[in-house]
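Engineer: With the sequence up front, the predicted model follows.
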Amino acid sequence: MNILPLLKLMKTKMIQFVSLLLIFLLVASCTDNYVPKPRGFFRIDLPERDYIVLDSIFPYVFEYPVYAIINSDPHAPDQPYWINIDFPRFKASVHLSYKNVNGDLSNYTEDAHALVMKHIPKASSIEEIRIDNPANNIHGLIYNIGGTGAASPYQFYITDSTKHFLRGALYFNTLPNNDSLAPVIEFLKEDIMHLLETARWK
């Protein structure tokens, strides 16, 4: 019995089967089932916390992070006690403005409140947190401003109610996108809280 024609037939059938399989796989792989990955953000490495004391010519004292730099406020050269706590690694600054209270405390607290209210169009929430540290004669408010586009997510003021008033605001030198900045904002909030907990008047 001659099996050669049978082998040729099996070879032809095998080639046809493999060809059909390849065509099927090619068609199946070209379907529009693309699922985009969720948008990600760059990983941000946060430094180890450590603090040093700011005790200079200023009428206030506090501890600030070693990874920050103290600079005078370039926009207020006539205000010697206005400073910026700059965080170059995060392109962030805490702007501090100091006023000597002389019976006009209500004006300063209203101004601080008005500056916070300017963020309402971009804010999803504004939480007020009271500050009371009788041991250091520190009283005031923290404004925790929620929302992706809020230019300043954290502001505060402290006072002794009779002589000193210090206002602060956290800003980033980037377009506001507080979703991507969230880890840095939370990190710097702790540094600001440390500043407030260690603040005292001269």
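Structural biologist: Everything's here; your move.
Engineer: so how far is Val53 from Val66?
Structural biologist: Here the criterion is C-beta to C-beta, to the nearest Å. By it, Val66 lies 11 Å from Val53. In this view, the C-beta of every residue, glycine as well, is placed from N, C-alpha and C.
Engineer: One more: His95?
Structural biologist: For His95, the distance to Val53 - C-beta to C-beta - is 20 Å.
Engineer: Of the two, which one has the most company?
Structural biologist: The neighbour count for His95 versus Val53, taken as other C-beta atoms under 10 Å, is higher for His95 (19 against 10).
Engineer: which residues touch that one?
Structural biologist: By C-beta atoms under 8 Å, 6 or more residues apart in numbering, the contact list for His95 reads Asp73, Trp82, Asn84, Gly168, Ala169, Tyr171.
Engineer: thought the third one was touching Ser93?
Structural biologist: Yes. Counting by C-beta atoms under 8 Å, a contact exists between Asn84 and Ser93, whose distance comes to 4.8 Å.
Engineer: Give the helix, strand or coil label for Asn144.
Structural biologist: Here Asn144 takes the strand state, with states given by DSSP: H, G, I helix; E, B strand; the rest coil.
Engineer: What count of nearby residues applies to the closest residue to it other than its chain neighbours?
Structural biologist: Leaving aside its sequence neighbours, Asn144 sits nearest to Glu127 (C-beta to C-beta, 6 or more residues apart in numbering; 4.2 Å). Residues near Glu127, counting by other C-beta under 10 Å, number 9.
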